[in-house]
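Enquirer: Structure, please.
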Amino acid sequence: MSHLTRYTIGLNEKVESFENKVLKNQQSEKGQIVGIVGMGGIGKTTLAIEVFNRKSSNYEKSCFLDDVRASKSSLHVLQRQLLAGLGKSDPHVNNPYDGKAILRKHFSSSFSKLIVLDNVDDRDQVDALLPDLESVLSSRSFVLITSRDIDVLTRSGVENSSIYYLDGLNQHDSLELFCNHAFSQPYPPLEFKDRVDKFVKLCGGFPLSLEVFGALLYRETDISCWDAHLDRLQNELHRSIEERLLISYETLNTYDKNIFLDIACVFIGENRDMAIKIWDGSGCDGSGWNGSLGFRNLQNRCLVQVDSENRIKMHDHLRDLGRTIAHKSGWPYFLWPPTENIEELFQETSVSTEVRGIRMRPSEYEDNTDFTLYEDSDDEYGYSSCYKIKKLQLLDIEGGHLERLMRRVRAPNLIWLRWEKCPCSSLPSWTLTRNLRVLEVHGNELEILWQSEKQVLLNHLNIVCCTTISQIISKGFVDDNYRNLFLTVESREHFAGTFAFAGVKD
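Expert: Numbering: from 1, shown residues only. A predicted model of the protein is given here:
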């Protein structure tokens, strides 16, 4: 079988890594079943083909089934291809049930076999193609399955120790792959070097993107054209890349899709455990999205990662996909200026009621962007118009903008509030706390959380202030409010620490 790609940059290193991590502990006299897992477009098929080409001469029979997922509605056709590849002449397979019976009989033979099932997304596909896996593995055979979902591999009989996690290309290989497609040489002309470096950085080691944009700019000598494509890549995914990544998103259930969108829009770089607490309290009825399970599902599909400090990571392309999805549905999922004028969106009642999160951080923008919240009068807060946003549950804000927003918005289901540059000595009475699960307050003026007692559901509290921990939580908690509360305090003058309270009472 020939390679599917014209350039195989970095492939030797990937094969060597695969063999060292997955095959070195395997016993050659026994059958083996191994897996390759990774996000769509990362190069699983390319690696599987190279492994197949290198190993096929060691086996009596061999067969590579490409893109099994695409043929899930015609499994009997794949069964026929597999039987033909393993040497059965003119196999007659009319349906998957007949195919499984013929395959069982065929696998009972003693000849060694090399079988690759590429891009599998359901255990039933493996069951239809390898109905008697024990017989296959008893004949010194080798089975390789590639998938975007680790659960598919483990449920198909692949041990965790036999699964290879494929990541992207390093900087050097990324540059060489891009340049081969753009210039038919492994390095850029001097006048294009800066722009090539920008493309390589934006592609983040993702082979599909490097190939797509390199080919798009093949022999393009107009610098302005390069700049235009750079601007586009910074703002939106190329259609072919988006379509490939969208496949994984579409396999998620509703809750997991919501968590994916939350991460893409809000939680990249945030603490995983904190985010899980937020998802456990999400949904307007407070029933939660089962954050731990949902996050695990995303990890298993190679859609998110966690770094050594327990912070959430997501590839830039997946981030862009999530943000595109969030804004394609006809209403904004998450608002962050300067792309949206918040006041104008509030005028559209049907739109504003769907917003899940708002971010107002003027200091993050070079022009110190302000936010237009027109100040009318005269409700109980001094304003004539007030908007109730039932689905608003995430709020990341700074300075005096919280008071301005709270006087215009009712968010009864708010569960996460991050208030940077809090100008108050204590949280004002108008701060929405009834359903809060996670509260983060950073402010030099903060001395105490609340002046009066509050019945809250907090299970994660993060404070950055200039006072002591005993002062900051000396008032405001009722009954068992300390129970199961995870508290982090950074006192710029006195103390810093992390605490997990379990039913502590005065």
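Enquirer: which secondary element of this protein has the worst mean pLDDT?
Expert: The weakest-scoring helix or strand in the chain, judged by mean pLDDT, DSSP states H and E, is strand 496-500 (a mean of 44).
Enquirer: which helices and strands does the helix or strand encompassing Cys63 pack with?
Expert: Assigned by DSSP states H and E, Cys63 belongs to strand 61-65. Judged by 3 or more CB pairs under 8 Å, 6 or more residues apart in numbering; DSSP states H and E, strand 61-65 is in contact with helix 44-55, helix 75-85, strand 113-117. Bear in mind the C-beta positions are built from the backbone N, C-alpha and C, glycine included.
Enquirer: got a list of contacts for whichever helix or strand comes after the last one?
Expert: From strand 113-117 onward toward the C-terminus, using DSSP H and E, the following helix or strand is helix 123-129. With contact meaning CB atoms under 8 Å, 6 or more residues apart in numbering, helix 123-129 is reached by 65, 68-69, 72, 75, 78-79, 82, 96, 99-100, 103, 117, 120, 145, 152, 155-157.
Enquirer: Now a PyMOL select for only the buried ones of these.
Expert: Remark: buried members of the contacts of helix 123-129, expressed as a PyMOL selection using 16 or more other CB atoms under 10 Å:
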select buried, resi 65+68+69+75+78+79+82+96+99+100+103+117+120+145+152+156+157
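Enquirer: ok and the strand holding Cys63 relative to strand 113-117, angle-wise?
Expert: In terms of direction (axes from the mean of the first three to the mean of the last three CA atoms, to 10 degrees), strand 61-65 departs from strand 113-117 by 0 degrees.
Enquirer: For the stretch 251-400 of the chain, just list every one of the helices.
Expert: For the stretch 251-400 of the chain, the helices defined by DSSP state H, counting those that start in this stretch cover 254-262, 272-280, 291-300, 316-328, 342-347, 349-352.
Enquirer: If I average pLDDT within each of those helices, which one is lowest?
Expert: Within the helices of the stretch 251-400 of the chain, confidence is poorest for helix 349-352, with a mean of 60 (mean pLDDT).
Enquirer: Output the helix or strand Ser248 falls within as PDB, nothing but the C-alphas.
Expert: Element membership of Ser248 [criterion: DSSP H and E] is helix 239-250. Below are the C-alpha coordinates for helix 239-250, written out as PDB (Å, rounded to 0.1, in the frame of the first residue of the first chain):
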ATOM      1  CA  ARG A 239     -13.500  25.100   5.600                       C
ATOM      2  CA  SER A 240     -11.800  21.800   5.100                       C
ATOM      3  CA  ILE A 241     -10.200  22.000   8.500                       C
ATOM      4  CA  GLU A 242     -13.400  22.900  10.200                       C
ATOM      5  CA  GLU A 243     -15.300  20.100   8.500                       C
ATOM      6  CA  ARG A 244     -12.700  17.500   9.700                       C
ATOM      7  CA  LEU A 245     -12.800  18.800  13.300                       C
ATOM      8  CA  LEU A 246     -16.600  19.100  13.400                       C
ATOM      9  CA  ILE A 247     -16.900  15.300  13.000                       C
ATOM     10  CA  SER A 248     -15.700  14.800  16.600                       C
ATOM     11  CA  TYR A 249     -17.900  17.600  18.000                       C
ATOM     12  CA  GLU A 250     -21.000  16.100  16.300                       C
END
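Enquirer: contacting residues around it?
Expert: Contacts of helix 239-250 with the rest of the structure, by CB under 8 Å, 6+ apart, involve 39-41, 69, 148, 206, 208-209, 212, 237, 257, 260, 301-303, 317-318, 321-322, 324-325.
Enquirer: Out of those, which end up buried?
Expert: By 16+ other CB under 10 Å, these give 39-41, 69, 148, 206, 208-209, 212, 237, 257, 260, 301-303, 317-318, 321-322, 325 as buried.
Enquirer: Just confirm Leu414 contacts Asp396, I think it does.
Expert: No: at 11.5 Å, Leu414 does not count as touching Asp396 under the criterion of CB atoms under 8 Å.
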